[in-house]
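Chemist: From the sequence below, what's the structure:
(one chain, ligands or ions: 1)
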Amino acid sequence: MTDLRMYFSQRIEEMLDLLRRLVELESPSTDKAATDRIGRFVAQVARQAGGNVTRVPQERWGDHVLVRLGEGKGGFLLLCHLDTVWPVGTLAERPWRVEGDKAFGPGCLDDKASAVVVLAALQGLADLGLAPNRPVTALFNSDEEVGSRSSRPLIEAEAGGAGVVFCVEPATPDGSLKVWRKGTARYVVTALGKAAHAGADHDKGINAIAELAHQVLLLQGMTDYGLGTTVSVGWVRGGTRTNIVPDRAEARVDVRVRTVAEGHRMVAAFDGLRPAVPGARLTVEGGLSRPPMEESPITLEPFRRAQEIAAPLGLTLAAVGSGGASDGNFTAAMGMPTLDGLGAVGDGAHSIGEYVLVPSLAERAALMAALLSRW
Ligand SMILES: [Zn+2]
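Modeler: Have a look, this model is predicted:
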């Protein structure tokens, strides 16, 4: 086993303990006090590892945490998020636990194990006297799970000056990195009709739910698995009482695309929605929230470089894609070389079965340390 693999495998208990502490600091995106708390903790650990820490204050969301080692352009930008999809109280129902080689707990894989990988790699490089061969900036943001609305400008500003972006999001269950990710669009489609007494004036009403029903079937039908395009109406609401013809109904829609061109096609399709029920009106709000990270030299070249660096560590890297978006979508869309899925190995992100494969913490920290010192 190489020195780096050996070093981190001897520190697996410390890494597991750090993961436990992060999981026990519950941090739903919408709870500023909670995400600030985990941000303060991460800042403290990063300082101990020799990082220069800046907090980027936010009003509504948790403060983002920037950790720098060295200065200058053309360096590494590491992206990892501190927020989770789990409300405070989830931990009481599903406490942290380790069973065999799996660790469980809300947000353990997505994305707290990634923070462990980054912090352990920085500490390891310091301990081993191995300086990163370019400046390092690690951004721990607090709003990734809600679309990175407040951190996107910061991500893009930092990426603009970087040489390569490492998006430290979970790997797949077999450890594969991500060389493409679908882009995401979100829409709210509202049907407007005319209210009337459902018995006495049925013919005078315009049923907004009937209008929306037409649109829902049309939208679902836009899914094309061959192109990798999916449309999912995930939420509907309409009407007030059964004896009133409803004058309003609303659907929220999730759209995923693999390419920028396909994104444009879907935006045009939503712009082109027209009412089906005579007299009804439609409003369509939304658009692309994250551009697709297309499989291209932007993602494939850093992947091949990572493979070369991983091989002497005895680590074989494979590449896949994902229907889920990440902050890597933003940086790849800027044309920045982006490597995604560098976090721990596990499965079940956003589900109650979420787990981290414990040995992967050491493997991924060794990989990260190697990437930062040998790129
Ligand atoms: Zn994530």
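
Chemist: List the contacts of L79.
Modeler: L139, N141, I155, V165, F166, C167, V168, E169, S326, D327, G328, T331 (Cβ atoms under 8 Å, 6 or more residues apart in numbering). Glycine gets a C-beta too; all of them are placed from N, C-alpha and C.

Chemist: What strand or helix carries the last one?
Modeler: What it means is T331. helix 328-333 (DSSP states H and E).

Chemist: Show me what that helix is in contact with.
Modeler: 77, 79, 148, 152, 155-156, 159, 165, 167, 169, 178, 181, 183-184, 260, 290-294, 298-299, 338-340.

Chemist: so how far is it from its chain's centroid?
Modeler: 11 Å (Cα atoms, centre = their mean, to the nearest Å).

Chemist: near the ion, anything from that helix?
Modeler: No - against the ion, helix 328-333 shows no contacts by Cβ under 5 Å from the ion, the least distance being 10.3 Å.

Chemist: and if you look at stretch 345-355?
Modeler: No - Stretch 345-355 lies out of reach of the ion by Cβ under 5 Å from the ion, never closer than 6.6 Å.

Chemist: Quick one: end-to-end length of that stretch, please.
Modeler: 9 Å (Cα to Cα, to the nearest Å).

Chemist: distance of R55 from E144?
Modeler: According to Cβ to Cβ, to the nearest Å, R55 and E144 sit 17 Å apart.

Chemist: Which one's more surrounded, the two?
Modeler: Taking other Cβ atoms under 10 Å, R55 and E144 do not tie; E144 has more neighbours (25 against 15).

Chemist: where do the helices sit along the chain?
Modeler: Remark: helices assigned in the chain by DSSP state H are 3-9, 12-24, 32-48, 90-93, 113-128, 152-160, 208-220, 260-271, 297-310, 328-333, 358-374.

Chemist: Please tabulate those in TSV, including the columns mean pLDDT and mean neighbour count.
Modeler: Shown next, in TSV, are these (pLDDT from 0 to 100; neighbours: other Cβ atoms under 10 Å):
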stretch	mean pLDDT	mean neighbour count
helix 3-9	96	18
helix 12-24	98	19
helix 32-48	98	19
helix 90-93	97	13
helix 113-128	97	25
helix 152-160	98	17
helix 208-220	98	20
helix 260-271	96	16
helix 297-310	98	17
helix 328-333	97	26
helix 358-374	98	23
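
Chemist: so can I have TSV of the ones you listed showing distance to K194?
Modeler: Compiled in TSV, the helices of the chain are given as follows (distance: least, Cβ to Cβ, whole Å):
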stretch	distance to K194
helix 3-9	66
helix 12-24	52
helix 32-48	42
helix 90-93	44
helix 113-128	52
helix 152-160	40
helix 208-220	8
helix 260-271	24
helix 297-310	51
helix 328-333	41
helix 358-374	58
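
Chemist: For A325, which residues are in contact?
Modeler: Contacts of A325 by Cβ under 8 Å, 6+ apart are R181, K182, G183, T184, R290, M293.

Chemist: same thing but at 6 Å, please
Modeler: Going by Cβ atoms under 6 Å, 6 or more residues apart in numbering, A325 touches R181, T184, R290.

Chemist: Can you give me the distance of the last one to M266?
Modeler: Distance of R290 to M266, given as Cβ to Cβ: 13 Å.

Chemist: cool, and the second one?
Modeler: When distance is defined by Cβ to Cβ, T184 is 11 Å away from M266.

Chemist: ditto for the first one
Modeler: Taking Cβ to Cβ as the measure, R181 falls 16 Å from M266.

Chemist: Tell me how many other residues crowd the closest residue to E301 other than its chain neighbours.
Modeler: Computed as Cβ to Cβ, 6 or more residues apart in numbering, the closest residue to E301 that is not its neighbour in sequence is P337, at 6.2 Å. P337: 20 surrounding residues under other Cβ under 10 Å.

Chemist: where does P337 fall, phi/psi-wise?
Modeler: phi -50, psi 130 (degrees, to the nearest 10).

Chemist: Contact partners for it?
Modeler: V164, I298, P302.

Chemist: Also D111?
Modeler: Here D111 is in contact with C80, H81 (Cβ under 6 Å, 6+ apart).

Chemist: What is the neighbour count of the residue in the stretch 251-375 of the chain positioned nearest to the ion?
Modeler: Taking Cβ to the ion, the ion has its nearest neighbour within the stretch 251-375 of the chain at S326, 6.2 Å off. By the measure other Cβ under 10 Å, the count of residues near S326 is 26.

Chemist: circling back to that earlier point, go ahead and produce PDB holding the CA coordinates of the helix holding T331.
Modeler: Provided in PDB are the C-alpha atoms of helix 328-333 (Å, rounded to 0.1, in the frame of the first residue of the first chain):
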ATOM      1  CA  GLY A 328     -20.400  21.200 -10.800                       C
ATOM      2  CA  ASN A 329     -23.100  22.000 -13.300                       C
ATOM      3  CA  PHE A 330     -22.400  25.700 -12.900                       C
ATOM      4  CA  THR A 331     -18.700  25.500 -13.300                       C
ATOM      5  CA  ALA A 332     -18.800  23.100 -16.200                       C
ATOM      6  CA  ALA A 333     -21.300  25.400 -18.000                       C
END
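
Chemist: switch to numbering from 120
Modeler: All right, first residue 120 from here; so that's helix 447-452.

Chemist: re the thing from before, from the contacts of L198, which two are the most distant?
Modeler: Using Cβ to Cβ, the contacts of L198 span at most 14.2 Å, a distance reached by N260 and F285.

Chemist: and the spatially most central residue of the chain, what does it touch?
Modeler: Taking Cα atoms, centre = their mean, the centroid of the chain lies closest to S445, which sits 3.5 Å from it. Contact analysis of S445 by Cβ under 6 Å, 6+ apart lists C286, E288, D459.
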